[in-house]
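Participant: The sequence and its predicted three-dimensional model are supplied below.
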Amino acid sequence: MSNNRFFSPEPCPPGFNSREIVSRAIEFRDPPRIPYSFFYHPTATDFASVFINRSPFEKPSELGQTYIDNWEVTWEVTGRGWDHAIEHPLSDLSALSNYQFPDLAKDELYVPVVRHSTKAKEAGKYTVAGNPVMMYEQVRSLMGFEDHMMAHYDQPDLLGDLLDILADMEIACIKQFAESGSIDAFMTWEDWGLQSGLQMDMEMFRQFYKPRYQRIIDATHNAGMHYIWHNCGMVNEMLSDKIEMGVDVVQLDQPMIYDYQKLIEITGGKLCLWNTVDIQWSVKDEVSVADIEREVKHMVGYLGPNEFDGGLIARHYPSPWDIGLSEEKQRGIYNEFMANGCALGS
């Protein structure tokens with residue numbers, strides 16, 4: 001991805017820039033086109049992203065090698081954008097009192113944020129800060145999936161203590177991002193969905209997680225930023241709670257597992273959707289570029305410009321090599337979104 005292209009202004013009507021167009025889509029204020037984030041074939045985006053170095057070490061690159069991160073979690077290299085956690089320092093939460101959490105709110109970690117966000121602002125981009133903590137993902141890495149699930153029943157108080165610590169860490173990072181640059185949103189990648197439903201029932205979510213997320217979302221809004229939440233899988237049951245908590249954007253990589261009509265009935269005018277073409281469907285050999293073009297038209301027809309005056313952002317999966325998405329299909333996704341609401345006058 002060319003840095004020059006990444007910081008090049010996108011086509012906007014007079015008086016607008018990418019930041020304004022994205023904000024209008026999120027806030028249902030009639031954007032002049034659908035905002036977008038496309039990468040690699042080609043790179044064209046209304047967005048810029050800033051991250052801190054949450055793992056200050058060089059991990060090995062060969063498949064099967066292991067390493068320990070600064071959370072003391074042991075990982076096995078998979079060769080993809082995500083590795084596999086194999087040893088967990090808090091599998092038993094009785095170790096929590098002696099555990100040393102990394103300091104992810106240190107001033108020096110945010111020095112590059114100032115430089116990057118300043119450059120993005122000059123280009124008129126909408127700038128998103130990546131969540132360095134990711135509470136739900138982190139607790140699973142620290143504990144392991146099975147021990148994490150059991151802790152709701154056999155160590156509920158200690159699990160609550162851990163979640164409070166992680167939520168406090170996120171809030172401290174949000175404050176640092178807000179002080180370090182021109183940041184428009186705080187984005188988290190926390191996958192609650194399986195292919196047909198949630199990983200736990202909603203009552204457990206509401207008891208253990210919703211109050212902590214509410215504190216994080218409130219802190220994000222108090223810092224003048226939108227809150228963006230990526231979820232893989234089916235999270236239909238959570239959408240009303242997300243709206244209630246004040247989530248601004250839900251980013252879906254598998255939108256085809258939803259009924260678009262029901263989705264717009266729940267989210268219309270209340271929650272912006274930032275959608276890829278479904279990443280599990282689009283990579284199948286039997287799915288053609290023409291099929292992808294039809295799906296883009298179908299999605300935009302339901303979720304795009306409508307009586308709610310916004311609520312859709314188009315997205316290209318940012319690491320297509322991880323899912324095996326061909327260059328031809330990448331270009332097809334871009335071309336069809338541009339022909340259906342992303343280009344000026346489309």
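Facilitator: Great, that's in hand.
Participant: contacts and neighbour counts: CA atoms only from here.
Facilitator: Fine.
Participant: Find the nearest non-adjacent residue to residue 182, please.
Facilitator: Spatial nearest neighbour of residue 182, excluding adjacent residues (Cα to Cα, 6 or more residues apart in numbering): residue 117 at 5.7 Å.
Participant: which ones are touching that neighbour?
Facilitator: Residues near residue 117 by Cα atoms under 8 Å, 6 or more residues apart in numbering: 48, 50, 127, 181, 182, 183.
Participant: per-residue pLDDT, the first one?
Facilitator: The score at residue 48 is 95. That number is its pLDDT.
Participant: Over to the fifth one?
Facilitator: Taken from the predicted model, the pLDDT recorded for residue 182 is 89.
Participant: any idea which element residue 230 lies in?
Facilitator: Mapping residue 230 onto the secondary structure by DSSP states H and E places it in strand 226-231.
Participant: ok, then the element right after that strand?
Facilitator: The first helix or strand that comes after strand 226-231 along the chain, using DSSP H and E, is helix 239-245.
Participant: ok, back up a step: which secondary structure element contains the residue nearest to residue 182?
Facilitator: Element membership of residue 117, judged by DSSP H and E, is helix 111-122.
Participant: One more: residue 211?
Facilitator: Per DSSP H and E, the secondary structure element for residue 211 is helix 210-222.
Participant: Check which residues of that helix are buried.
Facilitator: Neighbour-count burial for helix 210-222, with 16 or more other Cα atoms under 10 Å as criterion, is recorded at 210, 212, 213, 214, 215, 216, 217, 218, 219, 220, 221.
Participant: which one of those sits closest to residue 271?
Facilitator: residue 217 (14.0 Å; Cα to Cα).
Participant: The closest one and residue 243 touch, don't they?
Facilitator: No: the pair formed by residue 217 and residue 243 falls short of the contact definition of Cα atoms under 8 Å, at 11.2 Å.
Participant: Check the offset of the strand holding residue 230 from the chain's centre.
Facilitator: What separates the centre of strand 226-231 from the centre of its chain is 5 Å, taken as Cα atoms, centre = their mean, to the nearest Å.
Participant: how big is the angle separating that strand from helix 210-222?
Facilitator: The directions of strand 226-231 and helix 210-222 differ by 140 degrees, with axes from the mean of the first three to the mean of the last three Cα atoms, to 10 degrees as the criterion.
Participant: Now residue 266: which helix or strand?
Facilitator: With elements delineated by DSSP H and E, residue 266 resides in helix 260-267, which encompasses its position.
Participant: for residue 132, that is, sorry about that
Facilitator: Mapping residue 132 onto the secondary structure by DSSP H and E places it in no helix or strand at all.
Participant: one step back: would you mind pulling up the elements that the helix holding residue 266 packs against?
Facilitator: Counting by 3 or more Cα pairs under 8 Å, 6 or more residues apart in numbering; DSSP states H and E, the packing neighbours recorded for helix 260-267 are helix 239-245, helix 289-303.
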